[in-house]
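S.K.: no FASTA, just this:
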């Protein structure tokens with residue numbers, strides 16, 4: 001399958017983004033008991049600090065941003081699982097990787113929409129790869145809703161406000177999130 005040049009419109013949705021031999025190892029690892037998830041208190045970094053449901057699990061694989069705080073990440077490759085995700089990064093034709101992480105939004109009894117946000121406050125691109133099919137979604141500030149469908153990619157301008165939801169029909173909603181130039 002030739003690697004066509006990816007052009008960003010306001011957003012682009014691409015189903016079957018990775019070939020099966022690239023996608024299945026990622027999916028299988030993220031669904032395994034051997035993958036380490038780290039608890040995060042706020043999904044978007046903004047919002048109701050009192051909410052007990054504004055929580056998720058994450059695993060940062062790469063960060064170019066040095067964050068010198070108690071909860072910050074070191075700069076560069078931060079996980080031994082990094083290489084597993086390189087087919088996704090390579091297909092995006094990344095010039096400069098800002099952050100690569102995976103997110104795990106636990107099941108809730110009622111679907112919860114998180115707050116709108118941008119990942120970074122400077123020009124960049126965002127790619128989300130949905131790992132499992134469920135009734136969760138990503139919503140863009142123009143009202144576009146993109147359903148979580150296995151091996152679907154959502155590509156959009158990083159200055160576009162967006163938000164995620166939980167899901168009610170699966171144990172969790174799993175996504176890979178890439179910020180890049």
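M.R.: Arrived safely, thanks for sending. Since the structure is predicted, the reported quantities are computational estimates derived from the model, not experimental observations. Numbering: from 1, shown residues only.
S.K.: Which residue ranges of the protein form strands?
M.R.: 11-14, 38-40, 56-63, 76-77, 97-106, 125-130, 137-140, 145-147, 153-157, 162-164, 172-180 (DSSP state E).
S.K.: What does the pLDDT read for the closest residue to residue 181 other than its chain neighbours?
M.R.: Leaving aside its sequence neighbours, residue 181 sits nearest to residue 96 (C-beta to C-beta, 6 or more residues apart in numbering; 4.2 Å). Placement of C-beta: from N, CA and C, glycine included. You'll see residue 96 listed with a pLDDT of 93.
S.K.: Same question for residue 181.
M.R.: pLDDT, residue 181: 93.
S.K.: Residue 42 now?
M.R.: Residue 42 is given a pLDDT of 61.
S.K.: same question, residue 9
M.R.: 64.
S.K.: now do residue 30
M.R.: At residue 30, pLDDT is 98.
S.K.: same deal with residue 51?
M.R.: Reported pLDDT for residue 51: 51.
S.K.: Please apply the same query to the one 10 residues further on.
M.R.: Taken from the predicted model, the pLDDT recorded for residue 61 is 95.
S.K.: Redo the strands of the chain as CSV? Include distance to residue 88 and mean neighbour count.
M.R.: Conversion of the strands of the chain to CSV gives the following (distance: least, C-beta to C-beta, whole Å; neighbours: other C-beta atoms under 10 Å):
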stretch, distance to residue 88, mean neighbour count
strand 11-14, 12, 16
strand 38-40, 20, 12
strand 56-63, 10, 19
strand 76-77, 15, 13
strand 97-106, 8, 21
strand 125-130, 6, 23
strand 137-140, 16, 20
strand 145-147, 17, 14
strand 153-157, 8, 21
strand 162-164, 18, 22
strand 172-180, 6, 23
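S.K.: Among those, which comes closest to residue 84?
M.R.: Ranking these by proximity to residue 84 (C-beta to C-beta) places strand 56-63 first, at 8.5 Å.
S.K.: That concludes my questions; thank you for your assistance.
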